[in-house]
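need the 3D shape of this:
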Amino acid sequence: MSLLDDVSIVVTPNGYKAGTLYGVLPTAVEGSEEVTNGNFSNGSTDWTLGDGFTVSNNELVCDGSQTANSFVTQAVGFVAGRTYRLNYKVSNLTAGQVRINMASTNGTWVSANGDYTFDIVAIAGTLFQIQANNDLAATIDNISVKEWTASDMDVTRATAATRVDENGLLNYAEVLGSEEVTNGDFSNDSDWTKGTGTTISSGVANITAGSSGGSALSQSGGIFVSGKKFKITFTISNYSSGSIAVSNVSPTTYRSGNGTYTLYATGAGGDFLLFSSGFVGSVGNISVKEADRNNVPRIDYTGGGCPKILVEPQRTNLFTYSEDFSQSSWTKNASTITTNAVTSPDGTQNADNLLDTTANNFHGLYKYYDSNANDVITTFIFVKYNNKRYMSFLTNNNASSDRYAYFDLVNKTTHNLSTGITASIETYDNNWLKLSVTSTSAGNNAYYWWNIALSNSATGYVGDGTGSVYIWGAQLEKGSYATSYIPTSGSSVTRNADVFTRDGISSLIGQTEGTIFVDFDYTPHSLNYESVVSLQGTATTQYLECYFNSLNKIFVGVYNGGAVQLSFTSATQTAGNKKIAIAYKANDFAIYLNGTQVHTDNSGSVPLLSKLGLGSDFASSLYQLSQPIKQLQVYKTRLTNTQLAALTS
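Numbers count the residues shown, from 1 in each chain. Predicted structure coming up:
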């Protein structure tokens, strides 16, 4: 018999939508109906009506005359720690608001007509309550409550975040809507309103508006709905002069030069409008799609092969222009920048060329960051070899504490030449490399000087004006390791932590015995606590947790009523794939790691558990994983030691 015959939850890099990572098992299912006479076909039978409520024409009617917080109730048995799906319809609403409460768990107030669906995690109790407020005048019908069993993980991040997609491109994890623009490929001369000097032919719009500027191209239909986020792409070719921008969105960003451009902006209301500021050139392949990026789980293909679930802590990119090195915020030292020279890791032609000059000097870029004492700082930049083999990094806190490392772009190797600095290199598609350095600032209010140069030396050289590398995507973040890329374009940007949780699943978690299995790739991150998996009950004193401590050791703890039932700390872990299984039963605990039993305990009780956190810790709310997860499995049985060894091998 396969172990999967007994598994209750399986979560893998699977299908998703904004806010949800779908579980593989179990298939989401509704239980039997918990409410009696929810369509009021039997009048008020089974319901206790409060002031201002009547039943008429198979509907619950509230006439606006009820006393404050009037209720309609029914006794319904709810099981603590389980999720129930609530459905009901509100119509004819002219005043007030209504909500439905279950076993003292308050629902959400609604004040508009519509069909409503809510998932509510119950606590023990029997009270089902329809609550009116503010002189509610409305009818309510089609009330249904069924237990909802699913392993889909709720995803909370509230910010956009990047990943490597299945094509090896580094881009935002996002859910896109349908195409909003008609004939964006200009296959014919229709659907567009052309400004003065604009023509359509050969699959592009040719714009010759000159310096007078104005509306070069537009399309009606109220495309840019106010407040919605949009992904906008277009290609410039045959560029001669000036710039263009998509209007009726915020921010309005002007672009010039040949290349394919991708913009993310918020609709300000109105039609699609391409505004010319003396632009002369051609525009094609226009696309506008509504984009949802917040809370979208990141299915990551870094390194190729099977995907993984990317989970990371909160970080901020403090570089304000991460891709445009022509900006004055980047100091060019005996070097020049050619913008949009080659295709970057995101698949568009927006990477710059960094060229030396003929001066005898450092040739590169530098930038200052005001740091605090003992800030641990990691910086990285994406680099592609052109004709300069080496790239060096120099960090500086004051005149006496230079730290220096360099990279061999041909052999793809790192060289740490100073104490207090570490360097790493990662390979990406199309010969791009991610070069990272980490060091610690010194002194109060010290500046942190970040310098990259086109050499393997801490001293300058005489350039010939042709030596160059391609660069893109720079990042400076507080932390002892590099996280995923955070694009910026004028200000620093923060990516919140990825939080994967599922509440109300006591029916899927073993209450007297069970097994938790997680398969993930591990990179040691000293000074950081990182949660692998955490389970908790309706009482916060009941939980099971597994995390890495600051010494890169695995800790597993089980607590019942706040009392320790199991406590284990492993040996120091090295980098590599980790498969860990935690099996529990009263007086029978076992932990297996990569096929080997690392701990047993024959004394302890089992807590009641109802919610699951993957890569986040309910017990402390402090630890956040920064490792790619391959799979989570939950069993309602304590697997045998033979099964545990096989599962983790």
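
show me what contacts residue 244?
Listed by Cβ atoms under 8 Å, 6 or more residues apart in numbering, the contact set of residue 244 reads 207, 216, 236, 254, 255, 256, 274, 275, 276, 277, 279, 283. Quick note: C-beta positions are derived from backbone N, CA and C, even for glycine.

kindly recompute the last result at 7 Å.
Residue 244 makes contact with 216, 254, 255, 274, 275, 276, 279, 283, according to Cβ atoms under 7 Å, 6 or more residues apart in numbering.

quick check: residue 362 vs residue 331, distance?
Counting by Cβ to Cβ, to the nearest Å, the separation of residue 362 from residue 331 is 11 Å.

of those two, who's got more company?
Per other Cβ atoms under 10 Å, whichever of residue 362 and residue 331 has more neighbours is residue 362, with 24 against 12.

mind checking how far the more buried one is from residue 558?
Separation of residue 362 from residue 558 (Cβ to Cβ): 56 Å.

what's the answer for residue 339, then?
From residue 339 to residue 558 the distance is 56 Å (Cβ to Cβ).

so what's residue 520 bridging to?
Going by DSSP bridges, residue 520 is paired in beta bridges with residue 578, residue 629.

out of the contacts of residue 244, which is nearest to residue 562?
Comparing the contacts of residue 244 against residue 562 with Cβ to Cβ picks out residue 255 as the nearest, at 58.9 Å.

spit out the contact partners of that closest one.
So residue 255 contacts 236, 243, 244, 245, 261 (Cβ under 7 Å, 6+ apart).

at 6 Å instead, please
Residue 255 sits next to residue 261 when contact means Cβ atoms under 6 Å, 6 or more residues apart in numbering.

which residue ranges of the stretch 1-150 of the chain form helices?
Assigned by DSSP state H, counting those that start in this stretch, the stretch 1-150 of the chain shows no helices.

now do the domain split for this structure, please.
Following automatic domain parsing, one gets these domains for the chain: 29-149, 175-292, 315-495, 499-648.

centre of the chain to the shortest one, how far?
To tie it back to what came earlier, the one meant is domain 175-292. Distance of domain 175-292 from the chain centroid (Cα atoms, centre = their mean, to the nearest Å) equals 28 Å.

got it, and the longest one?
On the basis of Cα atoms, centre = their mean, domain 315-495 is displaced by 25 Å from the centre of the chain it belongs to.

repeat that for the last one.
How far domain 499-648 lies from its chain's middle: 23 Å, per Cα atoms, centre = their mean.

picking that back up, looking at the contacts of residue 244, which is nearest residue 572?
Nearest to residue 572 among the contacts of residue 244, counting by Cβ to Cβ, is residue 255 at 50.5 Å.

can you spell out which residues form a bridge with the closest one?
The partner list for residue 255 in beta bridges (DSSP bridges) reads residue 244.

what of residue 432?
Taking DSSP bridges as the rule, residue 432 bridges to residue 384.

quick check: buried residues in stretch 584-592?
By 16 or more other Cβ atoms under 10 Å, the buried positions in stretch 584-592 come out as 584, 585, 589, 590, 591, 592.

ok, and what's touching it?
Residues outside stretch 584-592 that contact it (Cβ under 6 Å, 6+ apart): 513-514, 556, 566, 568, 581-583, 598-603, 605-606, 638, 644, 648.

can you flag which of these belong to helices?
Secondary structure defined by DSSP state H assigns 644, 648 of the contacts of stretch 584-592 to helices.

please pick the buried ones from the contacts of stretch 584-592.
For the contacts of stretch 584-592, a burial check counting by 16+ other Cβ under 10 Å picks out 513-514, 556, 566, 568, 581-583, 598-599, 601, 606, 638, 644, 648.

what is the least confident helix or strand in this protein?
Of all helical and strand segments in the chain, the minimum by mean pLDDT, DSSP states H and E falls on strand 447-453, at a mean of 74.

C-terminal to that one, what's the next element?
The element immediately downstream of strand 447-453 (helix or strand, assigned by DSSP states H and E) is strand 461-462.

so how far is the longest strand belonging to the chain from its chain's centroid?
Longest strand of the chain, by residue count under DSSP state E: strand 125-149. Distance, stretch centre to chain centre, for strand 125-149: 34 Å (Cα atoms, centre = their mean).

and that strand, which residues are buried?
Applying 16+ other Cβ under 10 Å to strand 125-149 flags 125, 128-132, 135-149 as buried.

check stretch 376-395 too.
When neighbours are counted by 16+ other Cβ under 10 Å, the buried residues of stretch 376-395 are found to be 376-386, 388-395.

go through the residues you listed and flag which are in strands.
When the buried residues of stretch 376-395 are checked against strands (DSSP E), the matches are 376-385, 390-395.

state the number of residues packed around the nearest residue to residue 294 once chain neighbours are set aside.
In space, residue 294 comes closest to residue 158 once its chain neighbours are excluded; the distance is 5.4 Å by Cβ to Cβ, 6 or more residues apart in numbering. A count of nearby residues for residue 158, using other Cβ under 10 Å, gives 11.

one step back: JSON lines for the domains of the chain, including distance to residue 22?
Formatted as JSON lines, the domains of the chain follow (distance: least, Cβ to Cβ, whole Å):
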{"stretch": "domain 29-149", "distance to residue 22": "14"}
{"stretch": "domain 175-292", "distance to residue 22": "13"}
{"stretch": "domain 315-495", "distance to residue 22": "22"}
{"stretch": "domain 499-648", "distance to residue 22": "11"}
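
which one of those domains lies nearest to residue 4?
Going by Cβ to Cβ, the one of the domains of the chain nearest residue 4 is domain 499-648, 8.3 Å.

give me the neighbour count for the spatially closest residue to residue 219 that is not a sequence neighbour.
In space, and not counting its chain neighbours, residue 219 is closest to residue 272: 4.4 Å by Cβ to Cβ, 6+ apart. Other residues lying near residue 272 total 26 when counted by other Cβ under 10 Å.

per-residue pLDDT, residue 272?
For residue 272, the pLDDT comes out at 94.

residue numbering should commence at 165 henceforth.
OK, 165 is where the count begins now, so the last one is residue 436.

I'd say it and residue 384 touch.
No. Counting by Cβ atoms under 6 Å, residue 436 stays clear of residue 384, with 8.1 Å between them.

can you get me a residue count around residue 691?
So residue 691, with other Cβ under 10 Å, has 11 neighbours.

cool, the one 4 residues further on as well?
Other residues near residue 695 come to 24 when the count uses other Cβ under 10 Å.

helix or strand right after the helix or strand containing it?
In this structure, residue 695 is located in strand 694-700 according to DSSP H and E. Note on strand 694-700: by DSSP H and E, the next helix or strand toward the C-terminus is strand 707-712.

partners of that following strand in the sheet?
Going by DSSP bridges, the partners of strand 707-712 are strand 694-700 (antiparallel), strand 717-724 (antiparallel).

return the most buried member of those strands.
Most buried of these by mean neighbour count (mean count of other Cβ atoms under 10 Å) is strand 694-700; its value is a mean of 25.

contacts for that strand?
680, 682, 707-712, 773, 775-778, 780-782, 787, 789.

what about the protein, any weak spots by pLDDT?
Flagging of the chain using pLDDT under 70 yields the residue ranges 165-166, 231-232, 374-377, 560-565, 606-613, 783-786.

can you rerun that using 50?
For the chain, the stretches flagged by pLDDT under 50 are 165, 375, 563.

circling back to that earlier point, dump the contacts of residue 408 into CSV; add secondary structure and distance to residue 483 as well.
Formatted as CSV, the contacts of residue 408 follow (DSSP: H, G, I helix; E, B strand; the rest coil; distance: Cβ to Cβ, whole Å):
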residue, secondary structure, distance to residue 483
380, strand, 33
418, strand, 21
419, strand, 21
438, strand, 30
439, strand, 29
440, strand, 31
443, strand, 29
447, strand, 30
